[in-house]
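Enquirer: Quick one: sequence and predicted model below, then my questions.
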Amino acid sequence: MTKRAVLALADGTTFEGRAFGASGETVGEVVFNTSMYGYQEILTDPSYVGQIVTMTYPEMGNIGANAGDEEAGLPHAVGMVVRSLTKTPSNWRSQETLDAYLARHGRVGIEGVDTRRLVRHLRTHGAQTGIISTENVSAAALSERARAAVSMEGLDLATGVSCKEPYLFTTPTPDVFLATGDKQPEPELKYDVIAYDYGLKRSMLQYLVDVGCRVTVVPSHFTAEQVLAKKPHGVFLANGPGDPAAVKGADRTVAALLGKVPVFGICLGHQIMALALGGRTYKMKFGHRGGNQPVKDLTTGKVEITAQNHGFAVDDASLKGKAVVTHINLNDGTVEGLAVPDARAFSVQYHPEASPGPHDARYLFSRFATLMAGS
Ligand SMILES: NC(=O)CC[C@H](N)C(=O)O
């Protein structure tokens, strides 16, 4: 029998639906993602720690779930909101239903929700804390508790999700993910790269390997001295959850590396780079999450359609005299990329690894390799 579930937002708005995944209760920042596909990559992206993700596309679960589509070993989003859940997946790679996958990992979901109403609400009033409950609790009591829960601002979630020990990564992108389906030649690993793990997605590491990097992944607390002692060709700053300004010591560490070695940052890594340069970050009203965000490269005039997942952004004015703004978002004009050419450093707010999403910006991994080749 299908069980009733409720989603209650901190501002008192409530949504009725049916439970899927695990039973129980979950608290998190309620956000929305406009990607039509790739729900498993989204759920397992560690940047979703502490967030309940609403999918705007109405049909979810149709390709089931499989280990190959995971960006990390488990779903990091703490809950999922869906309009219509498919119970019978149809895909040769499917190993289990989305329902079974979330239940196995103890993640609570709600389906049958009017997601159009929910997303309009979040766009008007902003992303906010919410609770999904499959228990028989009054919606008003849930909203009350959501109001009392901590908000995303000021939260260091990256330190907790970062790896505990350094490890080596040398696996390229599996052939199954290449658009042509062709066999990819083994890349020659020419560059030693240190990748700071703030909660990274596996595909980023694979794309680094594809362009010739032998990657040593290190915890977020790894010091600049420890990095420089390894004499890397470049340093990569990964994505991650929470407030960039709260990640313990990260800005000072990156400041000590800038100018000494080429640096490439993505998303949280981009935000931390801006902070290291003396810039400022701020919380956006509802962020950018999806696979259809138009970004303009101000250096070439070209527009890329990009994958995104962020709720904070870099303040344009705070970068004046410190870095060049190289990319902007064409929907709202926010900063999407910066560079410090003298320091051989650049970063983007969006996701060149896509996963899921368009691959327009994949060339940025090659740009990093070129920067290392010239250094
Ligand atoms: N994907 C990311 O790295 C997200 C960065 C940061 N947690 C934000 O929400 O803006």
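Expert: Happy to help now that I have it.

Enquirer: As a check, name the ranges of all helices in the stretch 51-200 of the chain.
Expert: 98-104, 115-125, 139-148, 158-161 (DSSP state H, counting those that start in this stretch).

Enquirer: if I pick Pro232, what's in contact with it?
Expert: Neighbouring residues of Pro232 by CB atoms under 8 Å, 6 or more residues apart in numbering: 192-194, 216, 261. Just so you know, the C-beta spots here come from the backbone N, C-alpha and C atoms, and that holds for glycine as well.

Enquirer: brain fart, Lys302
Expert: By CB under 8 Å, 6+ apart, the contact list for Lys302 reads Lys296.

Enquirer: Distance of it relative to Val211?
Expert: Applying CB to CB, to the nearest Å, one obtains 20 Å for the distance of Lys302 from Val211.

Enquirer: and the residue nearest the centre of the chain, how far is that from the ligand?
Expert: Note on the chain: the residue nearest the mean C-alpha position is Ser47, at 4.1 Å, using CA atoms, centre = their mean. From Ser47 over to the ligand the distance is 3 Å, taken as CB to the nearest ligand atom, to the nearest Å.

Enquirer: wait, that residue sits on Gly240?
Expert: Yes. With contacts counted by CB atoms under 8 Å, Ser47 reaches Gly240, the gap being 5.9 Å.

Enquirer: can I see the domain layout of this structure?
Expert: If you go by automatic domain parsing, the domain ranges for the chain are 4-148, 158-373.

Enquirer: Leaving out sequence neighbours, find the closest residue to the residue of the stretch 101-250 of the chain found nearest the ligand.
Expert: Nearest to the ligand in the stretch 101-250 of the chain, going by CB to the nearest ligand atom, is Asn239, at a distance of 3.1 Å. Distances taken as CB to CB, 6 or more residues apart in numbering put Cys267 closest to Asn239, at 3.9 Å, once the chain neighbours are dropped.

Enquirer: measure the one you found to the ligand for me?
Expert: Cys267 is 3 Å from the ligand, by CB to the nearest ligand atom.

Enquirer: Surely that residue touches His351?
Expert: Yes. Counting by CB under 8 Å, Cys267 does reach His351; the two are 6.5 Å apart.

Enquirer: Residues that sit against both of those two, list them.
Expert: 239, 309.

Enquirer: returning to that earlier point: now the domains of the chain in a markdown table, please, with extra columns for mean pLDDT.
Expert: Output for the domains of the chain, formatted as a markdown table (pLDDT from 0 to 100):
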| stretch | mean pLDDT |
| --- | --- |
| domain 4-148 | 97 |
| domain 158-373 | 96 |
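
Enquirer: all helices of the stretch 201-350 of the chain, in order?
Expert: 202-210, 224-229, 250-257, 268-276.

Enquirer: Same question for stretch 78-87: list its buried residues.
Expert: 78-83, 85-86 (16 or more other CB atoms under 10 Å).

Enquirer: how long is that stretch from one end to the other?
Expert: Distance across stretch 78-87, first residue to last, is 21 Å (CA to CA, to the nearest Å).

Enquirer: before we move on, what about stretch 74-85?
Expert: Across stretch 74-85, the terminal residues are separated by 20 Å (CA to CA).
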